Every structure is written in structure tokens, then in C-alpha cells.
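Peer 1: output the structure for:
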Amino acid sequence: MIIPTEPIGSIPRPAKLLYALAQRSSAAPRDCDSADAPDPQLDRIYDEAIRDTIAALEATGSPVVTDGEQQKYHNFLTYCVHGLKNTDSEGFTIHFASGHVRRMPRLISGPFRYNRYADSFLEKALRYAHVPVKQAVISPSALSLLYPEQEIDGYPREQFIADLLNEHEREVRSCLDKGAHKVQIDFTEGRLAVKLDPSGELLHRFIDLNNLALSRFSPEERQRIGVHTCPGGDRDSTHSADIDYAELLPSLFQLKAGNFYIALAGEANPARVLKIIREHMQPNQRIFVGVIDTINPTIETPQEVCDRILLAAQYIPVTQLGTTDDCGFSPFCDDTSTTRETAFEKIRSRVQGTALAEKALAGKL
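Peer 2: Here you go, the predicted structure:
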């Protein structure tokens, strides 16, 4: 496709996998805490879910796929640190508009190391895929929230940040080296940072930290690295949709990445957001606009998707335009608010709607 189209990442897990996870830990099935211990039977169920997810994504016509994050054991946010022995459960809390919360672990001692790396998920996906595979990873800024406000005795924050950057670089570089089509850094805490600190200081610290990581890659490598932003999506709710994109986007495009995946379909005034994007985007950046509202159960038609793309093309040069979904469809393993069937139909509409827009924009391509 001349206008590239890519998914964000997560797909709702099949009932068989959710049941198996729940059986593993009746004490805490909603958190999928039981998924760390080796279990050949569970591994087979994971493999089946990954294989079926990729096949279904390819059946939609998607030119790029993911593994649906089927085996991100806990969630998209803390998959790499879930189960670390030097953490406890009293970490940073994310509040959603629906009233539910998600809590991160808290680091209680050093050193900081990942418990698993996303390239292990990529390796498995590449076995089954017949088209390019992208891999999502969590941002350094999100993981920086693991460190408590009070400094850890014998492990200063500065050393934690150095270790965090090393671990993030190792993960991203391994994914690139193993053949990821793109590596997408999930930065869903961008708007949340403004909500937590309206002065913008926290957001600027996040941007600076992520740029320290991105600066470790060459310009050519950064063209295969992207950043995803959205107001959070979980159980058909968000954590920061009430924050004006104008507070985030000027800083977002300061990130040294080649691709930006921006939730847009769920915005009340997408034209206004597109104007802000036009003002701040840079010539070497491709903008993947969200054309699928992942927390709205209504399945968009291809024509509706096409219309959203044609609107975006009024503000973004077609040579820098791409399409995506606003968010993952099931970022936390217990989120069953969207069915697998709905997710695949929405993705099919994105693919078909992008093709319709290409025809309509043929003269500008």
C-alpha cells in the first residue's frame, strides 16, 4: 500500500486462553499473575492463540501484523518487569474515567533489570506470519514510574535511570536485529503526564528521558521506530481523554522517532487535532492517524474510514500519512469489553478504507 496501515498491538485473547490463565490462579485471575511459571500445556494454548491471531489478522488483508500481545503475560505496560523479585505491588496507580484503576509494581531495591524482553514475543510471531511483523514495547518514561518517590537506599535514581535506558535499548535493538518491521514505543502516559502535572514539567521529563533512549539509535534505525500515543484505553474507558491534545502534541513531535501513531478517531474534533499536527510535525516523520475507535463497539464501515483519511489528507501530506487504530483492543489481559470478532472486523474496515482513500487520493500520490 502507498498509504501504509498498521495495527497498534493487542487483540482480545480467545476464551480458551483466558480460561487457562484463570485456572492457573484462582486467587488473582484478573491480573493473570499465574502466567510466569513454566507450563507446557499453557505454552501450547499460547502458541495456538498467537497462530490463530496472526492468521485472522492476515485474513483481514492487513499488510503488517502483530502477535496480538497474546503472551504479554500481565499487560502491555509491565510485561517486561512482571514477576521481578525486587518489586512489590504498591506502585503507581492509574485511574480510569469509569472508576476502575490499574496499579504498577514498585521497585524496592536494585539493580533494575527486565524479567523478559519483547524480542521473545517477536521470535514466536515470525514463525507464523507471512507478512511483516511489528513489535510494541513499553517506553522508558512509563517504566520510570516504578521508582518510588523516596530514594531507594543504596540504589539512587540516577543509577536506576542508567539501568532503565540500557534495558530499553537492549530490547529495542534486539527487536530490530531480529527483523521487526517496526518497533513501536507505547507512550500512552503522555496525556496522563499533563493530567498529573498541568505545569508540563513531568511531560518534559518524559520527553527528555525517551529522547535519551532514542538518541542511542542511528537515523536509519529511528525510521523503523515509532511512538504511540492515546488517552489510554481499558474496559471501554480512558485515563486522560479530558486532556487537550494541544498540551501534548507540540512536545510529542520533539521525540527523535520516525513514526507517530496518534489516536484520532475517538476525538470530538479531529480537524482541530489535525491542525495541531500540521503545525508541529517534522518533514522526516510519518503520521499514522487513528481511523478506528477501539473502545466504540460500533464497527466502522470502509467508507467511514476512507472519509476520516481524506480529512487527514487535508492537513498531512499524503507522503507522510499512514493509518492505524486508536489503541490496542485489549491492552490488559482481563479486558474482555471488545470481542475478537469485533476487533478483526474493525481492522478489516481500516484496511479496506485505506485502499478506498488511496484511490480517491491517486492524483496526490
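Peer 1: what strand or helix carries the nearest residue to G154 once chain neighbours are set aside?
Peer 2: Leaving aside its sequence neighbours, G154 sits nearest to G110 (CB to CB, 6 or more residues apart in numbering; 6.8 Å). Quick note: C-beta positions are derived from backbone N, CA and C, even for glycine. Per DSSP states H and E: G110 is located in neither a helix nor a strand.
Peer 1: can you give me the neighbour number for G110?
Peer 2: 16 (other CB atoms under 10 Å).
Peer 1: check T93 too.
Peer 2: T93, neighbours per other CB under 10 Å, totals 10.
Peer 1: contacts only, for it.
Peer 2: For T93, the contact set (CB atoms under 8 Å, 6 or more residues apart in numbering) comprises V101, R102, R103, M104.
Peer 1: before we move on, the earlier item: distance of the residue nearest to G154 from D163?
Peer 2: 7 Å (CB to CB, to the nearest Å).
Peer 1: go on, E300?
Peer 2: For E300 relative to D163 (CB to CB), the value is 43 Å.
Peer 1: can you check R173 too?
Peer 2: 16 Å.
Peer 1: where exactly do the strands run in the protein?
Peer 2: For the chain, applying DSSP state E gives strands covering 87-88, 93-95, 101-103, 106-107, 135-138, 183-186, 225-229, 259-262, 286-292, 321-325.
Peer 1: the spatially closest residue to D47 that is not a sequence neighbour: neighbour count?
Peer 2: With sequence-adjacent residues excluded and distances taken as CB to CB, 6+ apart, D47 is closest to K124, at 7.2 Å. Applying other CB under 10 Å, we find 19 residues neighbouring K124.
Peer 1: can you check G61 too?
Peer 2: With other CB under 10 Å as criterion, G61 counts 16.
Peer 1: how about the contacts made by the residue nearest to it when sequence neighbours are not counted?
Peer 2: Using CB to CB, 6+ apart and skipping the chain neighbours, the partner closest in space to G61 is V351 (4.4 Å). By CB under 8 Å, 6+ apart, the residues touching V351 are T5, T60, G61, S62, P63.
Peer 1: and for the second one, the neighbour number?
Peer 2: Neighbour count of T60, defined by other CB under 10 Å: 19.
Peer 1: can you pull the contacts of it?
Peer 2: Taking CB under 8 Å, 6+ apart as the criterion, T60 is in contact with F344, I347, R348, V351.
Peer 1: skipping adjacent residues, who's closest to the second one in space?
Peer 2: Sequence neighbours aside, T60 is the residue nearest to I347 in space, at 4.8 Å (criterion: CB to CB, 6+ apart).
Peer 1: state the distance from the one you found to V291.
Peer 2: Taking CB to CB, one finds T60 at 14 Å from V291.
Peer 1: same question, F96
Peer 2: Taking CB to CB as the measure, F96 and V291 are separated by 24 Å.
Peer 1: also Y315?
Peer 2: 14 Å.
Peer 1: same question, N75
Peer 2: 25 Å.
Peer 1: so between these two, which is more surrounded?
Peer 2: V291 (29 against 23).
Peer 1: wait, the more buried one touches D307, no?
Peer 2: No: with contact defined as CB atoms under 8 Å, V291 does not reach D307; the gap is 9.2 Å.
Peer 1: which residues touch the residue nearest to G154?
Peer 2: N86, I152, G154, Y155, Q159, F160, D163.
Peer 1: can I get those residues in JSON lines including neighbour count and pLDDT?
Peer 2: Below are the contacts of G110 laid out as JSON lines (neighbours: other CB atoms under 10 Å; pLDDT from 0 to 100):
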{"residue": "N86", "neighbour count": "16", "pLDDT": "97"}
{"residue": "I152", "neighbour count": "18", "pLDDT": "97"}
{"residue": "G154", "neighbour count": "8", "pLDDT": "96"}
{"residue": "Y155", "neighbour count": "18", "pLDDT": "98"}
{"residue": "Q159", "neighbour count": "14", "pLDDT": "98"}
{"residue": "F160", "neighbour count": "20", "pLDDT": "98"}
{"residue": "D163", "neighbour count": "16", "pLDDT": "98"}
